[in-house]
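Q: When you get a sec, could you give me coordinates for this:
(3 chains)
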Amino acid sequence: MKSVEAKPKAEHAAILRAIAAIPPGCVASYGEIAARAGLPKRARLVGRVLGETPAGVAPWYRVLRSDGRIAFPPGSREFREQVRRLAAEGVLVRNGRVDLAAHGWERNLDDLLWGPPPPAKKAARGKRRPTGD
DNA sequence: GCCCTGACGTGAA
DNA sequence: ATTCACGCCAGGG
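A: Have a look, this model is predicted:
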């Protein structure tokens, strides 16, 4: 028998599994998901799978581009949906972009382990945090 | 079987 | 920060 051919479905399952593993309140890039699914360079495949996957089977909204940008065109229905979903989990999107340093999945752990805080910053004009928060 | 497109990524200009 | 180009793989015409 030629069972040698593993159906591509296996890869889909791995991808969906990786996405499902993203903790609430966190986000991950397509590339990260692919890597975690054991598919190093298949970021595009992740997108394709999500497109093929019906909503509800996986937290698709927690997946963004490597820049933290939403993959959908700004203003599109899916875009708004994603922003809404993320906001519901405490992930705020600014200008179609999410702060990976704050909500990045593994990224966050990496920072915690290596050294978080690249403090030196300029005082963001007008923006300040009166409370030491 | 070739060509184009795409929920991507990275590097350079 | 923005734009362009190239690489990558899978589907669809």
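Q: touching DNA strand B at all, the host helix or strand of A:Ala102?
A: Using DSSP states H and E, A:Ala102 sits in helix A:100-103. No: using C-beta under 7 Å from any atom of the strand, helix A:100-103 stays clear of DNA strand B, coming no nearer than 10.7 Å. In short, each C-beta sits where N, CA and C put it, glycine included.
Q: check whether that helix contacts DNA strand C.
A: No: residues of helix A:100-103 contacting DNA strand C under C-beta under 7 Å from any atom of the strand: none, with a closest distance of 12.2 Å.
Q: Same question for that helix: list its buried residues.
A: Judged by neighbour count (16 or more other C-beta atoms under 10 Å), helix A:100-103 contains these buried residues: A:Leu100, A:Ala102, A:His103.
Q: now those residues in JSON lines, with distance to A:Ala88 and pLDDT?
A: Formatted as JSON lines, those follow (distance: C-beta to C-beta, whole Å; pLDDT from 0 to 100):
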{"residue": "A:Leu100", "distance to A:Ala88": "19", "pLDDT": "91"}
{"residue": "A:Ala102", "distance to A:Ala88": "16", "pLDDT": "88"}
{"residue": "A:His103", "distance to A:Ala88": "13", "pLDDT": "91"}
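Q: burial measure for A:Phe79, as a count.
A: A:Phe79 has 16 neighbours, counted by other C-beta atoms under 10 Å.
Q: same check, this time on A:Pro73
A: Around A:Pro73 sit 10 other residues, with neighbours defined as other C-beta under 10 Å.
Q: for the one 5 residues further on, same thing?
A: Using other C-beta under 10 Å, A:Glu78 has 14 other residues around it.
Q: Appreciated, that's everything.
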